[in-house]
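1. Using only what follows, build the 3D model:
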Amino acid sequence: MDVLSIFKDIAIIVIFAKAFGLLARKLKAPQVVGEIIAGLLIGPSVLGIVKLNDFLSICAEIGVVLLMFSAGLGTDLKALMKTGPKALAIACAGVAVPLAGGTLLYMAIYGFAPWGSEKFFTAVFIGVIMTATSVSITVEALKEMGKLKTELGTTILSAAIIDDVIGILVLTFVIGFKNPESKPLWVLLSTLAFFALAIIVGFIIYKVFKIIDKRYPHTRRIPILALALCFSFAFIAERWFGIADITGAYVAGIVLSRLHDSNYIEEKMDINSYMIFGPIFFASIGLKTSIQGFSLDLLWFSIGFVLVALVSKIIGCGAASRLCGFRGSDPLKIGVGMMTRGEVALIVAQKGLSSGMISSVYFTAVILLIIVSSIITPIILKLLFARDEKRGIAKT
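-> The predicted structure is shown next:
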């Protein structure tokens with residue numbers, strides 16, 4: 001492998017990813033969309049000036065692990081424990097309905113497949129991709145309208161956090177079951193054993209970090225040790241328990257999420273992620289996305305994928321919200337607020353590709369879903385709140 005060509009590839013990726021990321025942000029779209037499009041543009045599908053190699057693939061894997069570690073650090077564990085049955089019920093429905101919807105969509109287009117077959121697991125994984133929720137855009141819209149700290153806003157935020165946890169668990173199970181040599185009971189026991197170990201060891205590690213944090217507050221040794229913990233958990237999860245490395249990284253983040261310096265750790269992790277590993281990961285999605293193999297069937301599938309992903313979240317979360325006591329248009333608002341997709345959907349799709357569950361052509365559908373959901377969610381939410389406010393004014 002030519003070292004100089006690696007330098008050239010990284011320079012091209014960083015420049016294009018940041019330029020297109022900033023352009024996407026100017027257009028009110030998620031920055032990651034711009035970075036993915038940059039990868040698509042410089043990759044074999046269009047310009048062909050960068051080709052994905054082993055080194056870039058490893059950097060992309062480091063990027064995704066760091067992203068999930070940061071997601072764990074940003075999880076408000078205290079709020080998560082206090083959200084109660086409402087947020088949990090909404091989150092469960094928000095995973096179950098899209099999972100079933102995505103599976104049925106794939107089978108309806110490409111034919112039904114028996115349990116355990118390659119086609120069956122591909123269908124299920126399409127559903128797994130749909131389970132992820134990214135409410136960063138929803139949060140921004142609710143904040144702008146002054147609704148973030150209401151019961152509705154808190155419920156959406158809490159349900160989204162739980163939604164991601166459940167989604168990661170589902171991902172872990174599906175990848176475990178895909179292995180032809182795996183046994184369902186063994187997969188379940190391995191997963192339970194990992195989380196049991198994570199709770200016990202995580203509690204001890206948290207106490208140790210708390211002592212270090214108190215003695216050496218806001219020093220670089222804390223994020224350095226945190227980074228070591230992140231990679232250790234990622235290694236242990238996949239090597240010893242057969243669980244996705246991103247699950248281990250996410251759990252490591254949750255372990256440290258209640259530290260006084262957790263924001264400081266997250267800030268330092270973001271430097272690595274934002275500067276190099278993040279752009280390489282998101283650009284690698286574009287580099288892997290093949291538009292040459294795109295067909296009319298895949299076009300129809302992509303349209304169906306977007307529609308089912310959006311509607312299934314509204315139906316699942318909305319119905320659960322109504323059962324939990326929300327009335328009027330609130331269940332619809334919660335359903336709409338939960339339908340945005342972002343980084344986690346891409347991470348799940350990337351894991352599916354690396355494990356051989358899906359083809360790279362399906363990334364097009366995922367990217368389209370992120371773009372569409374990111375654009376229409378804040379618009380619909382604002383229309384719903386504006387309509388209710390007008391009705392309230394009319395009544396008075």
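2. Which residues outside stretch 115-127 are in contact with it?
-> Contacts with stretch 115-127, where a contact means CB atoms under 8 Å, 6 or more residues apart in numbering, come from 98-103, 105-107, 110-111, 113-114, 174, 177-178, 305, 352, 357-358, 362. Quick note: C-beta positions are derived from backbone N, CA and C, even for glycine.
3. These in helices, which ones?
-> In this view, the contacts of stretch 115-127 that belong to helices under DSSP state H are 98-103, 105-107, 110, 174, 177-178, 305, 352.
4. burial of the spatially closest residue to residue 57 that is not a sequence neighbour, as a residue count?
-> Leaving aside its sequence neighbours, residue 57 sits nearest to residue 284 (CB to CB, 6 or more residues apart in numbering; 7.0 Å). Neighbour count of residue 284, defined by other CB atoms under 10 Å: 25.
5. With residue 336 instead?
-> Residues within reach of residue 336, counting by other CB under 10 Å, total 27.
6. In contact with the residue nearest to the spatial centre of the chain, which residues?
-> In the chain, the C-alpha nearest the mean C-alpha coordinate belongs to residue 344, at 1.0 Å (CA atoms, centre = their mean). Counting by CB under 8 Å, 6+ apart, residue 344 makes contact with 71, 132-134, 164, 167.
7. one step back: most widely separated two among the ones in helices among the contacts of stretch 115-127?
-> 177 and 305 (22.3 Å; CB to CB).
8. Compare those two (neighbour count), which wins?
-> When residue 177 and residue 305 are compared for neighbours, residue 305 comes out ahead with 25 against 18, by other CB under 10 Å.
9. show me what contacts that one?
-> Counting by CB under 8 Å, 6+ apart, residue 305 makes contact with 102, 105, 126, 130, 365-366, 368-369.
10. Looking at these, which is nearest residue 249?
-> residue 366 (20.6 Å).
11. okay, now residue 122: neighbour count?
-> Residue 122 - counted by other CB under 10 Å - has 21 other residues nearby.
12. Which of the helices or strands spans it?
-> helix 118-131 (DSSP states H and E).
13. Check which helices and strands the helix or strand that contains residue 10 is in contact with.
-> Secondary structure from DSSP H and E places residue 10 in helix 3-26. Applying 3 or more CB pairs under 8 Å, 6 or more residues apart in numbering; DSSP states H and E, we find helix 3-26 packed against helix 31-42, helix 54-73, helix 278-288.
14. can you tell which of these is closest to residue 224?
-> helix 54-73 (13.4 Å).
15. and that closest one, how far from the chain's centre?
-> 12 Å (CA atoms, centre = their mean, to the nearest Å).
16. now do stretch 295-305
-> Here the centre of stretch 295-305 is set off from its chain's centre by 22 Å, with CA atoms, centre = their mean.
17. Name the residues of that stretch that come out as buried.
-> For stretch 295-305, the neighbour count (16 or more other CB atoms under 10 Å) marks 298, 301-302, 304-305 as buried.
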